[in-house]
Each structure stands twice: as structure tokens, then as C-alpha cells.
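> Using only what follows, build the 3D model:
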Amino acid sequence: MQYLKFIHKRMIIDFNKPYLTGKEAHYLYQAVLSSKISGDGMFTKKCHHFFEERYKFKKVLLTTSCTDALELAALLLDIKEGDEVIAPSYTFVSTVNAFVLRGAKIVFVDSSPENPNMDVTAIEALITPKTKVIVPVHYAGIACDMDAIMKLADKHKLFVVEDAAQAIDSYYKNKPLGSIGHMAAFSFHETKNIISGEGGMLVINDEQFIKRAEIIREKGTNRSAFFRGEVDKYGWVDIGSSFLPSDIIAAFLYAQIENIDDIQKKRKHIWGNYYKGLSPLEKAGKVQLPFLPAYATNNAHMFYLVCKNGKERVALIDYLKTNGVYTVFHYISLHKSPYYQNKYNGKALAQADRYTECLVRLPFFYELTDENVELVVSLINKFYA
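Model prediction:
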């Protein structure tokens with residue numbers, strides 16, 4: 001306790017701190033010296049090869065963000081005015097914005113009581129003849145029930161786009177997340193497990209979309225095919241946009257993915273310390289901690305707890321901040337957002353609203369020490385005492 005009081009007075013624990021492996025600057029220098037720093041250079045190809053080999057994704061394409069990957073998916077699926085897309089309300093706006101941009105109506109599904117993932121049992125009642133896509137979000141890197149979702153998709157002839165922004169190196173029944181749906185989108189934002197500052201990736205598991213994905217990603221041209229020698233010149237053959245990241249971004253990312261096993265080991269250690277230290281509070285019925293279904297693995301993307309109500313959450317966040325620990329709450333239910341609330345005419349989404357009001361994300365980054373975690377845990381236990 002003496003030690004905790006000492007570090008308590010001196011320590012500021014931020015919510016996030018980007019981790020550098022030590023190779024980033026070296027690879028950035030190599031990329032610059034290569035004289036090829038635009039998209040699809042040497043490091044982009046290395047990253048593509050890594051993800052396709054490690055996770056057996058059929059085709060991957062780096063993008064400038066996960067948002068761009070989702071927008072590329074919406075273009076590939078020819079989403080248009082009047083189409084309906086089923087997605088959780090408790091998610092980041094990019095999940096649905098990609099489809100709204102194409103004119104789709106978003107049909108929001110509630111979260112599960114056990115965790116913020118979509119309530120799979122509520123999906124089928126929302127399917128209509130206009131439904132085209134289901135977008136499961138693997139919140140905190142914990143898998144949705146993908147067998148149930150894919151069964152519904154097959155039954156109703158729908159597409160599935162996994163929002164795997166937080167789910168790198170996480171699995172569902174031994175299958176990597178992102179490998180199950182027709183497509184998937186990942187994020188390498190600086191708050192994720194492996195990072196490139198900004199950056200993302202589209203995974204294409206349905207072969208029918210691969211050729212067109214390359215074209216749309218290259219501003220609607222068949223430039224990629226030209227550089228592979230498959231056509232003698234390239235031109236404008238489809239709609240498209242500029243989704244390619246600079247090879248400098250890919251160089252930074254490659255330094256990260258080379259160290260993914262070390263990063264994951266450390267993050268799981270931190271997660272385990274949080275869980276062990278806060279489990280007594282859950283057993284006492286004071287908070288809800290992350291729930292891991294039997295079919296899912298934990299990639300230690302984040303650690304959160306769910307308070308009893310919004311007033312308690314505000315008090316906890318303020319108490320921790322006063323003591324030098326910076327925590328954040330997360331999403332506001334999208335069906336109640338200023339943009340969409342007048343467009344939403346569905347049922348009340350009680351669980352999404354509960355997570356909106358009550359969920360707190362704790363500090364989580366590679367360089368968080370055991371002492372840091374011990375202090376955070378000690379303060380939370382003291383607050384609830």
C-alpha cells in the first residue's frame with residue numbers, strides 16, 4: 001500500500017500510447033530509398049503476403065483506413081437506394097456510414113446482454129425482401145456467432161461483411177475473424193493492436209469480388225492488371241476511388257506485423273491482470289466484465305467494464321481522472337444519434353442503450369506495466385468499496 005500511494009502521487013496513466021517496435025523508422029527509410037512510395041510498393045506486397053499466408057485470407061488489399069475498406073465493400077456489393085443493411089446500433093459510425101453513402105437504409109439490431117456484439121437471435125425478424133447485407137461487428141475482438149449469421153445469410157441469400165476493425169488475430173472456432181464472411185474490414189488505427197497511424201485492410205473471401213475490388217481501389221482502372229502484364233494498357237473500366245495507402249504507411253505496418261506474436265503476448269498478459277484484479281467486483285454483482293463465449297478467442301484488444309448506470313459511470317471516470325488515470329466511454333447508440341434518430345422507426349434497443357450509458361474502457365497499450373494495471377485495479381476497487 002505504501003508503494004501504491006507513492007506511485008499514485010506521481011503517475012499519470014493515459015488511455016492509449018502507440019507502441020513502436022524499433023523497426024518502423026528503418027523500414028520507412030527503406031521505402032523512401034526504393035523510390036516507390038506510392039501505393040502497392042514493396043512493403044504493401046509484404047503486408048499482403050503476410051496476412052494471406054498467416055490467416056489464409058483469399059485476397060487482401062491494404063486501404064487508407066478501415067472506413068475506406070468498408071466503403072470499398074459497399075461499392076463491390078452495388079449497394080443502392082432502397083437496399084437495407086442490418087448492423088448493430090452499438091458501433092462506430094464507419095460501420096454503417098459506408099452503406100448510407102450508397103443510399104442504403106440501416107436496420108439496427110440490439111446488442112447481446114452478455115457483450116456488446118449484435119444479438120444474433122434478433123436478426124431474422126429484421127430481414128425483409130430489401131435486405132442485402134448483414135454487418136457483424138466483433139466488438140473488442142470477440143467473435144459474433146458467425147455460424148448463426150452465415151446460416152441466416154445463406155437462407156435469405158444475403159452478403160456478410162465482417163467489421164473486424166478490432167479483431168486482428170482473433171478466432172471463431174479456430175477460424176480467423178475476417179475469414180468467414182464474404183468480405184471483412186480491419187483497422188490499423190493507432191488505438192488498435194497493430195498500427196500504422198491510420199490504415200486499414202479489405203479482406204475478400206468470395207472470389208467473384210477480387211478482380212473488381214482491384215479496379216475500384218485503383219480509381220476504376222485496370223492498372224493492377226496492367227502492372228502484372230495481363231493487359232497491354234490500362235484505362236477507366238468501372239467506378240472507383242483512391243483507396244491505396246502510401247507504401248510508407250505499409251512500411252510502418254510491416255514493422256508491426258513482424259512483431260505481432262510479441263505484441264499479442266504482452267496485451268494478453270495485461271488483459272489477464274485486469275480480469276484477475278476486477279473479477280471479485282463482478283462476482284459481487286457490482287460491475288460486468290467482458291464475456292468470452294466458448295466459440296471465441298480473446299485478442300486482448302481492449303478491457304472494459306460495465307457500470308450499473310450512467311451516473312455511476314460518470315462518477316467512476318471522474319474519480320479515476322482525479323487520480324491520474326484516463327479512461328473513456330465508447331459509442332453512442334447510432335439509432336439515437338443526431339443524424340439518424342429521425343430516420344429510425346424500429347423497436348427500442350435496450351442493451352445498446354445500456355452499453356452507451358454504462359461502458360467504460362480502461363487504459364490499454366503495450367507499454368502498460370504490471371504496476372500501472374495494479375494501480376488502476378486498486379483505484380477501481382477502492383471506488384466500489
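> got the contact list for the nearest residue to I332 once chain neighbours are set aside?
Excluding the flanking residues, the one nearest I332 by C-beta to C-beta, 6 or more residues apart in numbering is T356, at 5.4 Å. Where C-beta positions appear, they are placed from N, C-alpha and C, glycine not excepted. T356 sits next to 90, 330-333, 336 when contact means C-beta atoms under 8 Å, 6 or more residues apart in numbering.
> which intervals of the stretch 1-150 of the chain have sub-threshold pLDDT?
1-10 (pLDDT under 70).
> Which parts of it are helices?
Counting by DSSP state H, counting those that start in this stretch, one finds helices in the stretch 1-150 of the chain at the ranges 2-10, 24-33, 42-55, 66-76, 94-100, 146-156.
> Please identify the deepest-packed of the ones you listed.
Stretch with highest mean neighbour count among the helices of the stretch 1-150 of the chain: helix 66-76 (a mean of 26; mean count of other C-beta atoms under 10 Å).
> Give me the contact list for that helix.
When contacts are defined by C-beta under 8 Å, 6+ apart, helix 66-76 is touched by residues 61, 63, 94-95, 97-99, 101-102, 104, 161, 163, 165, 183, 185-189, 200-202, 204, 209, 212-213, 216-217, 239-241, 243.
> for the protein, what spans make up the strands?
Remark: strands assigned in the chain by DSSP state E are 59-63, 84-88, 105-109, 131-134, 159-163, 171-172, 175-176, 183-187, 200-204, 304-306, 359-361.
> contacting residues around the fifth one?
Spelled out, that is strand 159-163. With C-beta under 8 Å, 6+ apart as the test, strand 159-163 has contacts from 66, 70, 73, 77, 87, 91, 95, 132-138, 146, 149-150, 153, 177-178, 180-185, 203.
> What is the neighbour count of K347?
K347 is flanked by 13 other residues according to other C-beta atoms under 10 Å.
> what sits against G22?
Neighbours of G22 in contact, by C-beta under 8 Å, 6+ apart: A255.
> for it, phi and psi?
G22 adopts backbone torsions of phi 110, psi -20, taken as degrees, to the nearest 10.
> For E198, see how far away it is.
Taking C-beta to C-beta, to the nearest Å as the measure, G22 falls 21 Å from E198.
> What of P293?
Taking C-beta to C-beta, one finds P293 at 31 Å from E198.
> now swap in N372 and tell me
Separation of N372 from E198 (C-beta to C-beta) stands at 26 Å.
> and the residue lying closest to G310 once chain neighbours are set aside, how many neighbours?
Of all residues not flanking G310 in the chain, E357 sits nearest, at 3.9 Å (C-beta to C-beta, 6+ apart). Neighbours of E357 under the rule other C-beta under 10 Å: 19.
> wait, doesn't E357 sit right on K308?
No. Between E357 and K308 there is no contact under C-beta atoms under 8 Å: 9.8 Å.
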